[in-house]
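Novice: Provided below for reference: sequence and predicted model.
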Amino acid sequence: MLASTLAQRAIGVDAMNKTIRGLAGFVALAALTASASASAQQMTYDFTGTVTSSDFASVSAGMTVTGTYTINLGNADLSSDGYSDNAINRFTPWLRGEASGAAYPDALVTGGTVFSSTLKAGSSTFNSPAPSAFGSLTYVEAGPFDYNAYNIEHSSSSWFTESSFNIANSNATVPYLSNGLPVFGASSLGTGSYMIATYVDNVARPYNFGPKLDYSITSFAPVAAPEIDPASAAGGLTLLFGAMAMLHGRRRVVA
């Protein structure tokens, strides 16, 4: 009788453990799915490149440049008079952009940038400044065979910085996914730049191009490890612990 009771208890505990493990897997999958859904149009990419020309004293042609590109198409202004055109597709040009600040008074502020970058060459670092009240314009424009991203940040009322990159495929394949995020393949040709410009009182040429850094892209890939956002993780843990408590409450003690 005792052996039978112990066996029944062991079976019950084993079943409950299997259920909890199953719930844990489900919660983890749900959290990952929620995170992936939230970032379906957002990705950070690591890249390396080689400087092809430079006006900066600390950077010379032939140096290696490394950095990141961050694209978040979810930040685009999709209003009827905004900075976006056409549905993302693989056959005709489309645009996803966002603007804010005094330089773009009619823009709908979305609270984030569509494209930003970090660059490092030798001991010099060139990062996209944070959007300021002076003005910010970031956008991605693409067509069947080209992908371009721009970040223009007005760091003061008299000057701004611009960073950009371009991907073009030599075999006439589309360099982006159906969600609008870029793809860099074996046939891709990539270039990038970082520039500082100042405004002048000249109608024909409203600003002067300042020092500029140009480079070719030699590698380009998404940051390897996707992260589960804290909200998804917290929600998943709450669900898991709630399920465990429910199972514990329903567990029947075998006499």
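Specialist: Yep, that arrived. Numbering: from 1, shown residues only.
Novice: what is the rounded mean pLDDT of the helix or strand hosting Gly192?
Specialist: Gly192 is part of strand 188-199, with elements assigned from DSSP states H and E. Averaged across strand 188-199, pLDDT comes to 91.
Novice: how does this structure divide up, domain by domain?
Specialist: 2-35+230-250, 42-222 (automatic domain parsing).
Novice: what ranges do the strands span in the stretch 151-255 of the chain?
Specialist: 159-169, 188-199, 207-222 (DSSP state E, counting those that start in this stretch).
Novice: sorry, that was for the stretch 1-150 of the chain
Specialist: 42-54, 64-72, 84-85, 94-100, 115-121, 124-127, 136-142, 146-153.
Novice: that older thread, so what strands line up beside the strand holding Gly192?
Specialist: Paired with strand 188-199 in the same sheet, following DSSP bridges, are strand 159-169 (antiparallel), strand 207-222 (antiparallel).
Novice: before we move on, the earlier item: mind putting the strands of the stretch 1-150 of the chain into CSV with distance to Thr173?
Specialist: Just so you know, the C-beta spots here come from the backbone N, C-alpha and C atoms, and that holds for glycine as well. Shown next, in CSV, are the strands of the stretch 1-150 of the chain (distance: least, Cβ to Cβ, whole Å):
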stretch, distance to Thr173
strand 42-54, 18
strand 64-72, 19
strand 84-85, 23
strand 94-100, 17
strand 115-121, 22
strand 124-127, 31
strand 136-142, 13
strand 146-153, 11
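Novice: Go through the ones you listed and name the closest to Ala221.
Specialist: strand 42-54 (6.0 Å; Cβ to Cβ).
Novice: between that closest one and strand 207-222, how big is the angle?
Specialist: 130 degrees (axes from the mean of the first three to the mean of the last three Cα atoms, to 10 degrees).
Novice: before we move on, back to that, out of the strands of the stretch 1-150 of the chain, which gets nearest to Leu78?
Specialist: Once the strands of the stretch 1-150 of the chain are compared by Cβ to Cβ, strand 84-85 is nearest, at 5.3 Å.
Novice: Show me which helix or strand of this protein is least confident by mean pLDDT.
Specialist: None of the helices or strands of the chain scores lower by mean pLDDT, DSSP states H and E than helix 2-38, at a mean of 43.
Novice: For Ala172, grab the count of nearby residues.
Specialist: 9 (other Cβ atoms under 10 Å).
Novice: same question, Ser58
Specialist: 10.
Novice: Give me the distance between it and Gly122.
Specialist: 6 Å (Cβ to Cβ, to the nearest Å).
Novice: try Gly67
Specialist: Taking Cβ to Cβ, one finds Gly67 at 13 Å from Gly122.
Novice: neighbour-wise, which of these two wins?
Specialist: More neighbours surround Gly67 than the other of Gly67 and Gly122, with 22 against 13 (other Cβ under 10 Å).
Novice: Pairing partners for the more buried one in the sheet, please.
Specialist: Phe47, Leu119.
Novice: could you list every residue that touches it?
Specialist: 46-47, 117-120 (Cβ atoms under 8 Å, 6 or more residues apart in numbering).
Novice: give me that answer again for 10 Å
Specialist: Residues in contact with Gly67 (Cβ atoms under 10 Å, 6 or more residues apart in numbering) are 45-49, 117-121, 125-127, 163, 165, 192, 194, 215.
Novice: quick one: it from Gly180, how far?
Specialist: For Gly67 relative to Gly180 (Cβ to Cβ), the value is 21 Å.
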